[in-house]
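1. Sequence first, predicted model second:
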Amino acid sequence: MAKVKPYKDSDLKKKEQVTKMFDNISSGYDSLNRVISFGIDIKWRKRVVTMIEQTNPESILDIATGTGDLAINLAQTNAKKIVGLDISQGMLDIGKKKVVEKKLDQTIEMVLGDSENLPFENNTFDAITVAFGVRNFEDLEKGLSEILRVLKPGGTFVILETSIPTKTPFKQGYNIYTKHIMPLIGKLFSKDKSAYKYLSDSASAFPYGEALNNILRKIGFIQVEDFPQTLGVATIYKSSKK
């Protein structure tokens with residue numbers, strides 16, 4: 001009789017691992033994020049909102065919305081409908097509470113869903129955003145193709161994602177912080193001891209700058225631009241659909 005292997009997180013597909021991880025860290029995610037990013041992520045999200053606001057969208061989809069920070073900020077665009085989608089029910093539960101507290105529940109709908117199999121018709125949204133989520137896609141090109149599918153022609157797609165500084169000594173400082181200090185902070189404050197190591201590792205392995213620009217162009221996005229933020233520790237990518 002064959003032996004049954006003991007359960008390990010490493011036996012799960014990436015999508016299942018990510019879902020479980022974010023469910024586990026959802027309760028402390030917002031506060032820990034502020035600590036780890038020194039609050040600079042708030043400024044980055046505001047820049048994303050400004051880009052979207054300039055296009056006057058009526059409908060917005062925020063993928064990997066997490067606890068809804070960006071979806072809530074996007075309400076200032078005066079869009080009639082904003083959908084925040086995430087694969088983690090734990091993150092969504094907290095996001096829903098925040099939406100209700102801010103009296104935005106008539107504008108923002110929080111939806112459980114998979115970014116690689118979006119539950120929407122073709123050409124549905126005027127604008128789509130993803131903040132710190134594309135690196136968690138199990139199949140990046142499939143996820144981006146789904147985004148292109150549900151984006152309206154002429155619509156705007158904006159990604160906010162971590163990247164790696166290219167200039168010395170910022171590159172070396174970034175590597176020390178993400179590989180050693182950030183996981184340590186995560187261990188001190190999170191019950192999922194491996195979560196922030198994963199976030200660090202995934203950030204360092206993810207394509208950024210022109211590499212991600214080229215993937216977006218390959219999928220079919222046009223007018224692709226990137227805007228490095230804060231010495232290159234994050235990058236905003238803006239593109240459109242023909």
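-> Here it is on my side, so go on. Residues are numbered from 1 along each chain as shown.

2. for the residue nearest the centre of the chain, phi and psi?
-> For the chain, the residue nearest the mean C-alpha position is residue 133 (2.4 Å; C-alpha atoms, centre = their mean). Torsion angles at residue 133 (phi, psi; degrees, to the nearest 10) stand at phi -130, psi -30.

3. Please apply the same query to residue 38.
-> Torsion angles, degrees, to the nearest 10, at residue 38: phi 60, psi 20.

4. picking that back up, isn't the residue nearest to the centre of the chain up against residue 69?
-> No - with contact defined as C-beta atoms under 8 Å, residue 133 does not reach residue 69; the gap is 11.8 Å. Glycine gets a C-beta too; all of them are placed from N, C-alpha and C.

5. tally of neighbours for the residue lying closest to residue 124 once chain neighbours are set aside?
-> Excluding its sequence neighbours, the residue lying closest to residue 124 (C-beta to C-beta, 6 or more residues apart in numbering) is residue 150, at 4.8 Å. By the other C-beta atoms under 10 Å criterion, the neighbourhood of residue 150 contains 19 residues.

6. For the protein, which segments are assigned as helices?
-> For the chain, helices defined by DSSP state H occupy the ranges 14-25, 29-37, 40-53, 69-73, 89-101, 140-150, 170-176, 182-189, 195-205, 210-219.

7. Reformat those helices as TSV; add distance to residue 127 and mean pLDDT.
-> Compiled in TSV, these are given as follows (distance: least, C-beta to C-beta, whole Å; pLDDT from 0 to 100):
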stretch	distance to residue 127	mean pLDDT
helix 14-25	24	78
helix 29-37	23	70
helix 40-53	5	96
helix 69-73	12	97
helix 89-101	18	96
helix 140-150	11	98
helix 170-176	30	80
helix 182-189	30	70
helix 195-205	25	69
helix 210-219	15	98
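
8. Next, the contact list for residue 153, please.
-> When contacts are counted by C-beta atoms under 8 Å, 6 or more residues apart in numbering, residue 153 is found next to 123, 241-242.

9. buried subset of those residues?
-> The neighbour count (16 or more other C-beta atoms under 10 Å) marks residue 241 as buried among the contacts of residue 153.

10. now the lengthiest strand in the chain and helix 140-150, what's the angle there?
-> When the chain is scanned for its longest strand (criterion: DSSP state E), the result is strand 151-162. For strand 151-162 against helix 140-150, the angle by axes from the mean of the first three to the mean of the last three C-alpha atoms, to 10 degrees is 140 degrees.

11. Can you point out the buried residues in strand 151-162?
-> 151-152, 155-162.

12. ditto for stretch 228-242
-> Of the residues in stretch 228-242, those buried by neighbour count under the rule 16+ other C-beta under 10 Å are 229-230, 232-241.

13. Format those as a markdown table; extra columns: distance to residue 205 and pLDDT.
-> Supplementary listing: the buried residues of stretch 228-242 in a markdown table, determined by distance: C-beta to C-beta, whole Å; pLDDT from 0 to 100:
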| residue | distance to residue 205 | pLDDT |
| --- | --- | --- |
| 229 | 20 | 95 |
| 230 | 20 | 93 |
| 232 | 16 | 92 |
| 233 | 16 | 91 |
| 234 | 16 | 93 |
| 235 | 15 | 97 |
| 236 | 20 | 98 |
| 237 | 17 | 98 |
| 238 | 23 | 98 |
| 239 | 22 | 98 |
| 240 | 27 | 98 |
| 241 | 28 | 98 |
